[in-house]
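Trainee: Here you go, sequence then predicted model.
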Amino acid sequence: MTELWYGRGTRTAEEVQREIDQFWVEWETSEELRKELAGAGIDPGAVPAPERPGAIRVSVRGAGIDPAAVSLIVAFAPAVSEVLVSLWNQVLLPRIRDRYGRDAIRDEKPPEP
């Protein structure tokens, strides 16, 4: 399973997961989203419907008052991870940051041991 690690920002893992879940709903119905995917070079057929729920999962590692001590981990299903990572980097992450601000999810960082 491919994982990307980020510093936790102003959005919780649950809020980010809800955004992803809503994105999958839009995937089925939004012509505007299909155009956005095409513009990013992502084939909407690349992630079959049965694989979408659970294809991208968000979790947290660490704890404490200091947000820098908490990591947000975005994990991608192995069968289509290359497409999902592109989808995350080119479409989903920018949408979340556009909606909630650049600090909604902080910058990517190396995985912790």
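Mentor: Alright, I've got the coordinates.

Trainee: What is the subsequent helix or strand relative to the longest helix along the chain?
Mentor: Longest helix of the chain, by residue count under DSSP state H: helix 13-29. Helices and strands here follow DSSP states H and E; after helix 13-29, the next one along the chain is helix 31-39.

Trainee: Report the next helix or strand after that following helix in sequence order.
Mentor: Following helix 31-39 in sequence, per DSSP H and E, is strand 56-61.

Trainee: Quick check, central residue of the protein?
Mentor: With distances taken as Cα atoms, centre = their mean, residue 88 lies nearest the centre of the chain, 4.6 Å away.

Trainee: That one and residue 113, how far apart?
Mentor: Distance check for residue 88 against residue 113: by Cβ to Cβ, to the nearest Å, it reads 23 Å. Glycine gets a C-beta too; all of them are placed from N, C-alpha and C.

Trainee: go on, residue 83?
Mentor: From residue 83 to residue 113 the distance is 28 Å (Cβ to Cβ).

Trainee: Neighbour count: these two, which is higher?
Mentor: Counting neighbours by other Cβ atoms under 10 Å for residue 83 and for residue 113 shows that residue 83 has the greater number, 16 against 3.

Trainee: mind listing what the more buried one touches?
Mentor: By Cβ atoms under 8 Å, 6 or more residues apart in numbering, the contact set of residue 83 is 42-43, 46-47.
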